[in-house]
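no sequence on hand, only this structure:
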């Protein structure tokens with residue numbers, strides 16, 4: 001099973017972004033107007049709801065607009081159009097809010113360096129929010145840095161720096177936590193520890209958004225996924241629901257050894273064969289259909305089966321299914337600064 005189940009109270013909405021937009025301005029000089037610019041890439045017509053205690057995976061290729069979206073959701077970049085409404089407290093149900101009050105943001109790269117200690121660095125940041133030392137120490141304990149509180153920043157490993165970054169993002173007791181590529185540079189042990197930390201925060205009711213261009217990293221952590229491409233949200237929802245809508249569900253892989261005749265073994269079984277491989281007495285079949293019927297057919301034929309498992313879609317498959325574009329048109333290359341969103345927006349572009 002992917003992700004982890006939400007309790008009923010954790011399914012409550014926290015923030016809603018409605019037709020939210022922030023597009024960067026790019027130069028478009030003219031002979032008599034060398035300073036002219038126009039709206040370029042960014043986030044366009046975003047409708048997204050964040051739920052209490054849910055971990056949302058924000059997935060897209062490099063240059064898709066993930067970082068811009070997180071900065072907009074954190075209140076760092078202003079909404080040029082649209083609105084954001086809050087359901088955080090009973091008093092502000094459906095009202096607009098100051099995002100910086102309730103949202104914690106962990107940027108992709110934070111350069112923790114110097115001879116000051118971990119606790120001193122966090123205390124300096126906490127002073128801006130009036131955070132007392134007891135809260136600072138509690139955050140260090142929460143992220144597993146209690147024993148490193150007096151360690152100089154220069155002595156920290158990458159995993160420890162990531163933990164310190166998330167502690168800094170938690171200073172204001174945020175209801176929403178935004179993490180930009182948090183697994184970059186982490187070894188498998190540190191990544192697993194970081195995953196457990198995120199789960200603990202979600203269990204406390206914090207709504208978490210994790211951006212990544214690696215779907216596989218998030219499969220066992222997130223319970224919702226949002227696909228973004230060229231600044232637009234293509235689809236969002238529970239993993240299983242999005243897979244079903246995009247026709248990427250019910251895909252399995254079965255492997256084994258020995259001679260095998262797929263046609264005769266699977267005679268009468270309704271499946272969609274996606275790939276067959278046979279080499280050196282080893283075979284593999286990737287199909288779409290009922291895995292129980294397929295497995296029973298192989299067992300009845302007394303064929304040696306060594307493994308079978310669900311096949312999760314990769315990033316390119318997600319984006320191809322969501323956009324309707326071919327693989328050749330879905331590129332992981334970063335688009336130019338002049339690249340427009342998928343749908344050209346109405347209104348004048350030049351100002």
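Ah, there it is. Bear in mind the structure is a predicted one, so any value in this text is a computation, not a measurement.

show me where the stretch 251-351 of the chain has strands.
Per DSSP state E, counting those that start in this stretch, the stretch 251-351 of the chain carries strands over the ranges 251-257, 271-279, 282-289, 304-310.

what's the mean pLDDT across the first one?
This predicted structure assigns strand 251-257 an average pLDDT of 92.

remind me which residues of the protein are low pLDDT?
The model of the chain has pLDDT under 70 over residues 1-10, 90-96, 327-351.

longest helix of it?
Using DSSP state H, we find that the single longest helix of the chain is helix 188-203.

adjacent strands (with direction) for the helix or strand following that one?
Using DSSP states H and E, the next helix or strand after helix 188-203 towards the C-terminus is strand 207-212. Sheet pairing here is set by DSSP bridges, and for strand 207-212 it gives strand 55-59 (parallel), strand 176-180 (parallel).

could I get those strands in CSV, plus columns for mean neighbour count?
(C-beta placed from N, C-alpha, C; glycine too.) What follows is the strands paired with strand 207-212, written out as CSV (neighbours: other C-beta atoms under 10 Å):
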stretch, mean neighbour count
strand 55-59, 26
strand 176-180, 24
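
so which of the ones you listed gets nearest residue 115?
For residue 115, the closest of the strands paired with strand 207-212 is strand 176-180, at 27.1 Å, according to C-beta to C-beta.

tilt between that closest one and helix 188-203?
160 degrees (axes from the mean of the first three to the mean of the last three C-alpha atoms, to 10 degrees).

got a list of contacts for strand 176-180?
Defining contact as C-beta atoms under 8 Å, 6 or more residues apart in numbering, one finds that strand 176-180 is touched by 14-15, 50, 66-67, 70, 73-74, 102-108, 166, 169-170, 198, 201, 206-211.

before we move on, back to that, out of the strands of the stretch 251-351 of the chain, which gets nearest to residue 326?
The minimum distance between residue 326 and these falls on strand 271-279, with 16.8 Å, by C-beta to C-beta.

return the set of buried residues in the closest one.
The neighbour-count check on strand 271-279 (16 or more other C-beta atoms under 10 Å) flags residue 271 as buried.

ok, now stretch 209-227?
By neighbour count with 16+ other C-beta under 10 Å, stretch 209-227 contains the buried residues 209-213, 215, 217-218, 221-227.

report the two of the residues you listed separated the most.
Maximum distance among these (C-beta to C-beta): 19.4 Å, for 213 and 223.

follow-up on the earlier one: and which of the buried residues of stretch 209-227 is nearest residue 233?
Nearest to residue 233 among the buried residues of stretch 209-227 is residue 226, at 6.0 Å by C-beta to C-beta.

phi, psi for that closest one please.
Residue 226 adopts backbone torsions of phi -130, psi 120, taken as degrees, to the nearest 10.

skipping adjacent residues, who's closest to it in space?
Nearest residue to residue 226, sequence neighbours excluded (C-beta to C-beta, 6 or more residues apart in numbering): residue 236, at 4.1 Å.

noted, bye for now.
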